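Peer 1: Provide a 3D model corresponding to the input given below.
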Amino acid sequence: MSEQGLREIIDIPDLGIVMSDGVRLSARVWMPVDAGEDPVPAVLEHLPYRKRDGTCARDEISHPWMAARGYAMVRVDMRGNGDSYGHMEDEYTQQELEDACEVIHWLAAQDWCSGTVGMQGISWGGFNCLQTAYLQPEPLKAVISICSTVDRFADDIHYKGGCLLNENLAWSSTMWAYSSRPPDPALREDWREIWMERLKSEPFLIANWLKHQRRDSFWMHGSVCEDFSRIKAKVLAIGGWADGYKNAVPALIENIEGAKGITGPWVHLYPHIATPEPRIGFLQEAKRWWDKWLKGIETGVESDPAFRAYLMEGYRPSRFNAPREGVWLADATSGGEMCEYSLGPDGRLGSEGETRVEIASPQHCGLGGGEYYAIGRGPELSDDQRVDDLYSAVWTGPALARSVDIVGRPKLRLTLASETAQGQICVRLNHVHPDGACTRISFGVLNLTHRESSAAPEEMPIGKPVELEIELDHIAYRVPEEHRIAVAVS
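Peer 2: Just a heads-up that it's a prediction; the model follows:
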């Protein structure tokens, strides 16, 4: 131990872990040099994103810090990626999850491991740590899932409200580029042979995804919402209001006993390096979690609020990740009363009386939406919503007599009659500033044929009124006094 109480660590660039079918996976491991004499818990991150280049900058910020405090931080290249052998067929396959379980058991059996294992990750790694916990490998005691989802069909990059997302093409193209690259020649003499095999076998994932445009067994696999009770490991879930995955944290804390959640203003990044600021000390929060559930040290995490959410003060529309003013909420601490607003006549939100509006928005409505998954690389957030309000039906409320906090998941109920058998609807909840500028607070979309079920879609009845409820994404946002709230439907 050093005078600061930290342990000297070793960085192992290529620790081989051989699966039961003979395929060798490659791990990079940071651990105390004396772990053989004083074993430590292991924390696994299981990703396709290439530990020697794809995520190395992030890894080197975080994993050595935790290793010096008594953990073995294990970053494994998934089968068919980076420096590991084998082939990858799709995301979250049964093979991927079985590999993760094998790795966990292997780690627990090493003489430098205390026998307890945690699993963490963001995005892909956030998904598969929940999915692995669902399979209940005995040594896995806790997970930290960041920017993930519990429902692969309804809340991933593929479909939203039954609507096909363009991220299918974007992300399958990205993964084609990631997974087809060779191993590091510094680690593999046969790197070129492996590379040629990958180029021949690499799947174009969207070709498979588009074969499943309903919520069938393909999407149920890996969707932990199918049975939350199967997750016995202790779950800490973290998300961001500027990320595409806004709904997983509330779902996890509502459905898994003892789960804790934190959602800040962030894009799709770890919260100690994310924008928009403010950031949090993620490593310190993670250490408290691991110390309790992997070492048995009393840190008080079980007494933390179930949900800590950052309530953002209303801000000007901008595509850039400027810092967000706001306050942290612990569970329900921002008021509590529910507000209902009627879609009144003449575009007045909150006024009584029937209203009938015909909507047929052009295909370019939505240009103010920004990137679906913001990752902090330039102008990517939603823009001034007036550009899309031009092609939408808009209801605007009066100037507020006091500020209004919108915390939770807004919903819109309406009666709609369609002149076509198929259609899509988008609902935006907006903040209108005194000068007319318009910030998107939250939004939701619905493929009208999925109005009752995404497993068994049905065409819309022509001309017949149908009652609908559309859920928008979870949010925590404060609309200031003298500003206005608006609802836009396209």
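
Peer 1: all helices of the stretch 351-490 of the chain, in order?
Peer 2: Along the stretch 351-490 of the chain, the stretches classed as helices by DSSP state H, counting those that start in this stretch are 386-389.

Peer 1: Tell me where it has strands.
Peer 2: 393-396, 404-408, 411-416, 424-432, 438-447, 466-471, 475-479, 484-489 (DSSP state E, counting those that start in this stretch).

Peer 1: partners of the fourth one, with directions?
Peer 2: Paired neighbours of strand 424-432 in the sheet (DSSP bridges): strand 438-447 (antiparallel), strand 484-489 (antiparallel).

Peer 1: Show the average pLDDT along the shortest one.
Peer 2: It stands for strand 484-489. The predicted model gives strand 484-489 an average pLDDT of 98.

Peer 1: Show me how far it is from its chain's centre.
Peer 2: 26 Å (C-alpha atoms, centre = their mean, to the nearest Å).

Peer 1: returning to what we had before: show me the one of the strands paired with strand 424-432 that comes nearest S342.
Peer 2: strand 484-489 (10.2 Å; C-beta to C-beta). For the C-beta atoms, the positions are set from N, CA and C on the backbone; glycine is no exception.

Peer 1: quick one: that closest one to strand 404-408, angle?
Peer 2: Using axes from the mean of the first three to the mean of the last three C-alpha atoms, to 10 degrees, one finds that strand 484-489 and strand 404-408 are set 40 degrees apart in direction.

Peer 1: need the strands of the stretch 351-490 of the chain in a markdown table with mean neighbour count and distance to D34, can you?
Peer 2: Converted to a markdown table, the strands of the stretch 351-490 of the chain look like this (neighbours: other C-beta atoms under 10 Å; distance: least, C-beta to C-beta, whole Å):
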| stretch | mean neighbour count | distance to D34 |
| --- | --- | --- |
| strand 393-396 | 19 | 65 |
| strand 404-408 | 19 | 48 |
| strand 411-416 | 14 | 55 |
| strand 424-432 | 23 | 55 |
| strand 438-447 | 22 | 50 |
| strand 466-471 | 14 | 52 |
| strand 475-479 | 23 | 45 |
| strand 484-489 | 21 | 59 |
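
Peer 1: For the helix or strand hosting I238, name the packing helices and strands.
Peer 2: For I238, the element it lies in under DSSP states H and E is strand 234-240. Under the contact definition 3 or more C-beta pairs under 8 Å, 6 or more residues apart in numbering; DSSP states H and E, strand 234-240 sits against strand 140-146, helix 248-255, strand 260-264, helix 282-295.

Peer 1: Could you rerun that using 6 Å?
Peer 2: Where contact means 3 or more C-beta pairs under 6 Å, 6 or more residues apart in numbering; DSSP states H and E, strand 234-240 is packed against strand 140-146, helix 248-255, strand 260-264.

Peer 1: Just the angle for the longest one relative to strand 140-146, thanks.
Peer 2: Read it as helix 248-255. What separates the directions of helix 248-255 and strand 140-146 is an angle of 140 degrees, with the same axes, to 10 degrees.

Peer 1: how about a markdown table for the strands of the stretch 351-490 of the chain, with distance to R58 added?
Peer 2: Rendered in a markdown table, the data for those read as follows (distance: least, C-beta to C-beta, whole Å):
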| stretch | distance to R58 |
| --- | --- |
| strand 393-396 | 41 |
| strand 404-408 | 31 |
| strand 411-416 | 36 |
| strand 424-432 | 33 |
| strand 438-447 | 29 |
| strand 466-471 | 33 |
| strand 475-479 | 26 |
| strand 484-489 | 37 |
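
Peer 1: of all those, which lies closest to I238?
Peer 2: Of all these, it is strand 475-479 that lies closest to I238, at 14.4 Å by C-beta to C-beta.

Peer 1: what comes into contact with the helix or strand of the chain with the lowest mean pLDDT?
Peer 2: Evaluated with mean pLDDT, DSSP states H and E, the helix-and-strand set of the chain has its lowest mean pLDDT in helix 167-179, which scores a mean of 91. Helix 167-179 is contacted from outside by 81, 88, 157-158, 202, 204-206, 209, 372, using C-beta atoms under 6 Å, 6 or more residues apart in numbering.

Peer 1: tell me which residues in that helix are buried?
Peer 2: Judged by neighbour count (16 or more other C-beta atoms under 10 Å), helix 167-179 contains these buried residues: 167-169, 171-172, 175, 178-179.

Peer 1: That helix: what's the following helix or strand?
Peer 2: Downstream of helix 167-179 (by DSSP H and E), the next one is helix 191-201.

Peer 1: and the helix or strand L107 falls within, what other elements does it pack with?
Peer 2: Using DSSP H and E, L107 sits within helix 94-108. With contacts defined as 3+ C-beta pairs under 6 Å, 6+ apart, the packing partners of helix 94-108 are strand 113-122, helix 124-134.

Peer 1: which other residues reach the shortest one?
Peer 2: By C-beta under 6 Å, 6+ apart, the residues outside strand 113-122 that reach it are 39-45, 104, 107-108, 129, 132, 139-144, 146-147, 270, 290, 294.

Peer 1: Show me what it pairs with in its sheet, parallel or antiparallel.
Peer 2: Counting by DSSP bridges, strand 113-122 is paired with strand 40-47 (parallel), strand 140-146 (parallel).

Peer 1: Report the inter-axis angle for the next helix-or-strand element following the first one versus strand 113-122.
Peer 2: It stands for strand 40-47. Counting by DSSP H and E, the element after strand 40-47 in chain order, helix or strand, is helix 56-67. Orientation note: helix 56-67 sits at an angle of 140 degrees relative to strand 113-122 (the same axes, to 10 degrees).

Peer 1: quick one on the thing from earlier: what's the closest of the helices and strands packed on strand 234-240 to S403?
Peer 2: Using C-beta to C-beta as the measure, strand 260-264 is the one of the helices and strands packed on strand 234-240 that comes nearest S403, at 20.2 Å.

Peer 1: and that closest one, C-alpha only, in CSV?
Peer 2: What follows is strand 260-264, C-alpha atoms only, in CSV (Å, rounded to 0.1, in the frame of the first residue of the first chain):
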residue,chain,number,x,y,z
LYS,A,260,-31.2,2.8,-7.8
GLY,A,261,-31.2,5.3,-10.6
ILE,A,262,-29.5,8.6,-11.5
THR,A,263,-30.4,10.7,-14.6
GLY,A,264,-28.6,13.9,-15.4
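
Peer 1: list the contacts for G353?
Peer 2: For G353, the contacting residues are 344-345, by C-beta under 6 Å, 6+ apart.

Peer 1: I'd like to know how far it sits from E340.
Peer 2: For G353, the distance to E340 under the criterion C-beta to C-beta, to the nearest Å works out to 15 Å.
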